[in-house]
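A.B. asks: here is the input, now give the coordinates:
(one chain, ligands or ions: 1)
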Amino acid sequence: MNRLNTAIKQMPQKPKKYFVDHKSVLHLGGQSLFPSVGKQEQRLDERKVAEEKRIELQGLSLLICAGVYKTGVDTELMIETTKQIQNKKFLEIGCGCGAISIYLAKNNKTGIAVDINELAVENTLKNCQLNNITNLQAQVSNVFENVKGKFDVIFCNPPYNEHDVRDNIDRMFWDPQNSMKEQFFMTVKNHLKKTGSIYFGWADFADLNFEFPISLAKLYGFKLVKTYSRPSSCSSFRFIVFKFKLA
Ligand SMILES: C[S@@+](CC[C@H](N)C(=O)[O-])C[C@H]1O[C@@H](n2cnc3c(N)ncnc32)[C@H](O)[C@@H]1O
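C.D. replies: Here you go, the predicted structure:
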């Protein structure tokens, strides 16, 4: 409530309109007032013109291209959770530069990595070559639209914030009407084997409803079986991975 009060105090004196929507995000004329969206806007502008960069992450050598999500503590936490997964068929929705899928590909049979942003898919293919990965297919897909088949494990580190986008690059952080996350839970059952598991990334930023993925998962017939978390390196919030199974 304190952050909400501070945000209200910081509003211009005569706002055109403001409202608190059903997911508890305070808006002013369509713009979210909490801090993460402002920071993300700045980071998006940087990502769009960024030089291609080579990084080392958990023993992988990876290229991060312009217009693609730069891996972070969230990616590393997702990778941590992959370590006990072996000899499975996996799918990743929203692969970015491919870090999580490439890590999975090293210990598993086959996998598919998809992203709505074609720059991310190209980046994933480059990283497969760089790491001699031949059992991972990468393709453009809006959530499950171009995905066929059932998988033992499905990974998704989604865009967390509900916000309009200017292009597909913005979707690394922003999910208009939370439609990607809703589509994910609405459709995932068609692609998950009966004993399969979902690993879903999240965070506890002030402008996120912490329970949102758990409620969505429950609504579509899944139960939470485990929660992994790690603090952000530079802020007070935490990154989370929820593991779900069919209820
Ligand atoms: C937070 S980034 C995570 C990237 C990568 N998995 C990682 O953890 O480093 C979210 C990714 O989801 C992708 N994405 C957003 N909306 C999507 C959609 N509707 N269908 C598929 N991918 C989507 C974005 O383009 C972005 O690459």
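A.B. asks: show me which residues of the protein sit near the ligand.
C.D. replies: By CB under 6 Å from any ligand atom, the residues of the chain that approach the ligand are 69, 71, 74-75, 78, 93-96, 99-100, 114-117, 120, 142-143, 157-159, 171-172, 180. Where C-beta positions appear, they are placed from N, C-alpha and C, glycine not excepted.
A.B. asks: list only buried entries from these.
C.D. replies: With burial judged by 16 or more other CB atoms under 10 Å, the buried subset of the residues of the chain next to the ligand is 69, 71, 74-75, 78, 93-96, 99-100, 114-117, 120, 143, 157-159, 171-172, 180.
A.B. asks: flag every buried residue along whichever helix or strand T81 is part of.
C.D. replies: Using DSSP states H and E, T81 sits in helix 73-82. Using 16+ other CB under 10 Å as the test for burial, helix 73-82 gives V73, D74, T75, E76, L77, M78, I79, T81, T82.
A.B. asks: residue boundaries of the helices in this structure?
C.D. replies: For the chain, helices defined by DSSP state H occupy the ranges 2-9, 35-48, 73-82, 99-107, 118-130, 179-187, 212-219.
A.B. asks: pull up the pairing partners for the biggest strand by length in the chain, direction included.
C.D. replies: As assigned by DSSP state E, the longest strand anywhere in the chain is strand 192-203. Next to strand 192-203 in the sheet, as set by DSSP bridges, lie strand 151-156 (parallel), strand 238-246 (antiparallel).
A.B. asks: starting at the chain centroid, how far to it?
C.D. replies: 13 Å (CA atoms, centre = their mean, to the nearest Å).
A.B. asks: what's the answer for stretch 111-121, then?
C.D. replies: Offset of stretch 111-121 from its chain centre (CA atoms, centre = their mean): 12 Å.
A.B. asks: cool, stretch 173-186 as well?
C.D. replies: Distance of stretch 173-186 from the chain centroid (CA atoms, centre = their mean) equals 10 Å.
A.B. asks: buried residues in that stretch?
C.D. replies: F173, W174, D175, N178, M180, K181, E182, Q183, F184, F185.
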